[in-house]
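Visitor: structural data only, the sequence is not supplied:
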């Protein structure tokens, strides 16, 4: 039941966080992983696994929250364009640290444990009751903030208002909490935080972000649930990571994005 719960939670949290980032940046390339969240989660999980100083999930939580705090203060100082550039460079830096940690794994068993977490297969190994409670609390706070900020984000996206640096920083913090609730427990899951919000904006032309919260969440849950069922029951006797399997299953959706995008440019 917990596995299915986190399929649902991740299917909601990642697309909702993604569409908020796109509205905040006024850019369809907005993605929660662009600011280094995925790399931070991997670094924390790797450090915890290789050192044994805490559980894999706690290590991921700590590192992603530190990443969130750094991005929070950077947002107060720079404009959106510079923030995107910073996020890419920051993510690369954190990813490099993670690579160093992983390549110096004490033994193959620990390395396997880390990679199984990164495969995002919702096995929830080494996840404690405290981890679950903390992630659900973050999810609840993130969703409440998303709903509370819907009107101002929509007006910001339309160009009717310009959010203050502090408002942007607080929104970023809430987005990161929302996404961290899924990533720290299940590992990084690609595509749905970027592709699904873009697909939602193709399907629904409304600029009201509340419509895209609903559509993105339904699409995210549906795609992730299909992927989970394929991984669990149609795996051809081999281990299929959720992230990699989703990328394959989502190929038609990606093609649709490009085809519709080119049609719109014509």
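Guide: Ah, there it is. Being a predicted model, the structure only gives us computed values, none of them experimental.
Visitor: break down the stretch 51-200 of the chain into its helices, ranges please.
Guide: For the stretch 51-200 of the chain, helices defined by DSSP state H, counting those that start in this stretch occupy the ranges 56-77, 80-103, 108-118, 129-148, 150-158, 165-186, 195-203.
Visitor: which one of those helices has the most crowded surroundings?
Guide: Across the helices of the stretch 51-200 of the chain, the average number of neighbours (mean count of other C-beta atoms under 10 Å) peaks for helix 165-186, which reaches a mean of 24. Any C-beta I mention is one placed from the backbone N, CA and C, and that applies to glycine too.
Visitor: tilt between it and helix 150-158?
Guide: 110 degrees (axes from the mean of the first three to the mean of the last three C-alpha atoms, to 10 degrees).
Visitor: hang on, the earlier thing: reformat the helices of the stretch 51-200 of the chain as JSON lines; add mean pLDDT.
Guide: Converted to JSON lines, these look like this (pLDDT from 0 to 100):
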{"stretch": "helix 56-77", "mean pLDDT": "82"}
{"stretch": "helix 80-103", "mean pLDDT": "84"}
{"stretch": "helix 108-118", "mean pLDDT": "81"}
{"stretch": "helix 129-148", "mean pLDDT": "91"}
{"stretch": "helix 150-158", "mean pLDDT": "95"}
{"stretch": "helix 165-186", "mean pLDDT": "86"}
{"stretch": "helix 195-203", "mean pLDDT": "88"}
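Visitor: reformat those as JSON lines; add distance to residue 230.
Guide: Below are these laid out as JSON lines (distance: least, C-beta to C-beta, whole Å):
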{"stretch": "helix 56-77", "distance to residue 230": "25"}
{"stretch": "helix 80-103", "distance to residue 230": "27"}
{"stretch": "helix 108-118", "distance to residue 230": "18"}
{"stretch": "helix 129-148", "distance to residue 230": "24"}
{"stretch": "helix 150-158", "distance to residue 230": "33"}
{"stretch": "helix 165-186", "distance to residue 230": "16"}
{"stretch": "helix 195-203", "distance to residue 230": "17"}
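Visitor: how about those helices, which one is nearest residue 1?
Guide: Nearest to residue 1 among the helices of the stretch 51-200 of the chain is helix 129-148 (11.5 Å), distances taken as C-beta to C-beta.
Visitor: in terms of secondary structure, what does that closest one contact?
Guide: On a contact count with 3 or more C-beta pairs under 8 Å, 6 or more residues apart in numbering; DSSP states H and E, helix 129-148 meets helix 2-25, helix 56-77, helix 165-186, helix 209-233.
Visitor: turn those helices into a markdown table, columns for distance to residue 84.
Guide: Output for these, formatted as a markdown table (distance: least, C-beta to C-beta, whole Å):
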| stretch | distance to residue 84 |
| --- | --- |
| helix 2-25 | 7 |
| helix 56-77 | 11 |
| helix 165-186 | 12 |
| helix 209-233 | 19 |
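Visitor: so which of the ones you listed is nearest residue 154?
Guide: Nearest to residue 154, of the helices and strands packed on helix 129-148 and by C-beta to C-beta, is helix 209-233 at 4.8 Å.
Visitor: buried set for that closest one?
Guide: Neighbour counts over helix 209-233 (16 or more other C-beta atoms under 10 Å) mark 209, 211-213, 215-217, 219-221, 223-224, 227-228, 230-231 as buried.
Visitor: right, I'll leave it there.
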